[in-house]
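**Q** the sequence isn't on hand, but the structure is:
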């Protein structure tokens, strides 16, 4: 696989991850009341377009696409007219997605998700889903107009735009991937016929879809599954199986087993408004934790969330739910979201009533300090990273509208890539009338220039230029990719001076700094000369064979500089077990390989020369070594959720399948390694092991019951800010128990829950600015510990 192919793959993953945000409102993030109920908003003017005579009744999707009460500028550079107007009703269109596999076959039976974003309105985070027909086509009606993304259930993404009253057509290619084969069984090991097979979204186990069903012998198959997916089985009345992480499989061709849980719990409920009247068509989601899209600390062993809708009498019911305490969230058109915590038991159905408060709206115009509308500004209300917050993007006139908000005192924040700071305003929301809130941003200074190849005397396109103030951390910099003329513009900067860095992104995820320069705003146009392209670069290729002489179909090569440059390159292996990279900077490297089920490669020294291709030919992978594990545990220690992993000397991490109290790891690289045992109700345990080439090491591990210690890291200065942190948790004897590196949180609090054995511990936390905090604490057996709160300011 060439370097550019690797970048394309990475870009595809990023597109998918950006598209996997999710919201509770069915069909529209802008949740508004029915047009007939607009009079309930007091004396606020109503300017909805009249319905044509004899027009059919709107569908739920069309009603939720209506948005009212914005503001409009007389022109894009003039003053703002405060007269409330309607923002085009109904702004809907349709979408046709034609999906095919990489070999050209129509992708029949694939679940396609579509998500739209309409400038000026709350972002539509509701994923509309349709399954492709025998021609590989999926149709979506009444989608809100604006930018749209379509995403395949197992991989692939494409973007486009929906115009009012028109049908957009998109071509979606499902990339080649793994053929996942498995069997569904019950607790007695007997095959289960007809179970639904649920596949998660990429890198997000909290979202997914049913993609196929098991046959009469419990077998199933899913083709073309990409990386970072998890799979589970659902078949009432049993509770769903735990999720199986496909990337942990040592053998991608092996048959996986999904074991359904015991008889599940039943949940019944009713959705009502503030007066106790039933609310129909409310979306109810069971299984989300604290309303977050990606629950903090979630490892993926849990079962997926389930979704349903309330009936005409407001009632809903779920069966075969996992036993335990979980969260129930609800949203309906015209209301704010509601959430409740419920305990589910197999002995009796749980009952819950969800009372939805009336929804509030906030609207306004975002301008700069000169009164010019700011298009494309991000407007956020509440904790926008959770289901209880809302966010949107301003339209061409700087207008925005956020709805479905909770009443009371809260804040609205706005940011724009051309402006340096986030601006926050306090608002008092009431359901009686929309709340106006205009926001003013301060435009920052801009740096502009070109990146020029001094050797070829030509512009350098598609390179990355980053600038940050000299008193700021590098992670807070502004960046831009050079255009075909080598030009770049970096807006939203402060007064300077700045550190300016240029990166060569060709052929690797991480690249060295080609040029670094300190500049100030008064320096005028900047011309950066680079000399590391063309004949100055080298190339590299290699192929791998395992101990049986077979070419591995998965794995990666790691190239690391050994001459002091602090960077490395990762290359994915192709289907032929080979990898190639071009335009590689000359220098000394060390080559390693991480291939599941093998011992990888011993470090191979490598010299890259300018203008030459270094071909290492065929390299033989080592057989590696294994670890045999025996587990000892008291009768009260829950082992059903126990997970074992081995981290080898080369950094590879592999799941260890368990057979009762015994386990045997797949082959991993020889050298010092670490066994990790974790699970619900089990104390995290780390055990050092020494793995010998071709041998089987032995480890005996005592599993202890764990006490859940909650740890909150808190920052001040706004709920919409981005914070970075890392931590290391050690036991009294110095053994590392838990480690989180280079974490990012949006909001004022990062929450973690760590299952620990009784004893004394020390938590060391580093913030993004490098400040270090050491916090000792003690966990006492059978005593629920208080939350450990750490002030990060």
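**A** Perfect, I can see it now. Predicted model only: the values in this text are computed from it and were never measured. Residues are numbered from 1 along each chain as shown.
**Q** find the nearest non-adjacent residue to residue 682, please.
**A** Leaving aside its sequence neighbours, residue 682 sits nearest to residue 706 (C-beta to C-beta, 6 or more residues apart in numbering; 5.2 Å). C-beta coordinates here come from the backbone N, C-alpha and C atoms, glycine included.
**Q** which residues sit in contact with the residue nearest to residue 670 when sequence neighbours are not counted?
**A** Counting by C-beta to C-beta, 6+ apart, residue 670 lies nearest to residue 693, which is 4.2 Å off, once chain neighbours are set aside. Applying C-beta atoms under 8 Å, 6 or more residues apart in numbering, one finds that residue 693 lies in contact with 599, 622-625, 670.
**Q** quick one, which of these are buried?
**A** For the contacts of residue 693, a burial check counting by 16 or more other C-beta atoms under 10 Å picks out 599, 622-625, 670.
**Q** before we move on, back to that, and the residue nearest to residue 682, how far is that from residue 734?
**A** Look at residue 706 and residue 734: by C-beta to C-beta, to the nearest Å, they are 20 Å apart.
**Q** likewise for residue 622?
**A** For residue 622, the distance to residue 734 - C-beta to C-beta - is 31 Å.
**Q** residue 214: which of the contacts of residue 693 is nearest?
**A** Using C-beta to C-beta, residue 624 is the member of those that lies nearest residue 214, at 33.9 Å.
**Q** what sits against the closest one?
**A** Residue 624 touches 598-600, 648, 667-670, 691, 693-694, counting by C-beta under 8 Å, 6+ apart.
**Q** per-residue confidence at it?
**A** Among the per-residue scores, residue 624 shows a pLDDT of 90.
**Q** which non-adjacent residue is nearest it?
**A** residue 599 (2.5 Å).
**Q** if I look at the one you found, how far off is residue 151?
**A** On the measure of C-beta to C-beta, residue 599 and residue 151 end up 37 Å apart.
**Q** swap in residue 616?
**A** From residue 616 to residue 151 the distance is 38 Å (C-beta to C-beta).
**Q** which one of these two is surrounded by more residues?
**A** Each of residue 616 and residue 151 has its neighbours counted (other C-beta atoms under 10 Å); residue 151 has more, 25 against 14.
**Q** could you point out which element follows the helix or strand harbouring the more buried one?
**A** Counting by DSSP states H and E, the element that carries residue 151 is strand 146-152. Sequence-wise, the next helix or strand downstream of strand 146-152 (DSSP H and E) is strand 157-162.
**Q** any low-confidence regions in the stretch 251-400 of the chain?
**A** For the stretch 251-400 of the chain, applying pLDDT under 70 flags the ranges 288-303, 383-387.
**Q** can you pull out the strands in it?
**A** Shown for the stretch 251-400 of the chain, the strands assigned by DSSP state E, counting those that start in this stretch span residues 256-259, 265-273, 283-288, 306-309, 315-321, 324-331, 338-344, 350-356, 360-368, 378-381, 390-393, 399-405.
**Q** centre of the chain to the first one, how far?
**A** Distance, stretch centre to chain centre, for strand 256-259: 26 Å (C-alpha atoms, centre = their mean, to the nearest Å).
**Q** that strand: which residues count as buried?
**A** 256, 258-259.
**Q** can you list these in TSV and add distance to residue 607?
**A** Listed next are the buried residues of strand 256-259 as TSV, based on distance: C-beta to C-beta, whole Å:
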residue	distance to residue 607
256	43
258	48
259	51
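**Q** closest one of those to residue 543?
**A** Nearest to residue 543 among those, with distances taken as C-beta to C-beta, is residue 256, at 28.7 Å.
**Q** for burial, what's the neighbour tally of the residue nearest to that closest one when sequence neighbours are not counted?
**A** Computed as C-beta to C-beta, 6+ apart, the closest residue to residue 256 that is not its neighbour in sequence is residue 182, at 4.0 Å. Neighbourhood size, residue 182 [other C-beta under 10 Å]: 21.
**Q** one more: the one 10 residues further on?
**A** Here the neighbour count serves as a burial measure; for residue 192 (other C-beta under 10 Å) it reads 20.
**Q** correct me, but it touches residue 257?
**A** No: taking C-beta atoms under 8 Å as the definition, residue 192 is not a contact partner of residue 257, at 11.0 Å.
**Q** any common contacting residues for the two?
**A** Common neighbours of residue 192 and residue 257 (C-beta under 8 Å, 6+ apart) are 184-185.
**Q** look at residue 125 and report its pLDDT.
**A** Residue 125 is given a pLDDT of 55.
**Q** equivalent analysis for the one 4 residues further on, please.
**A** According to the per-residue confidence, residue 129 scores 87 in pLDDT.
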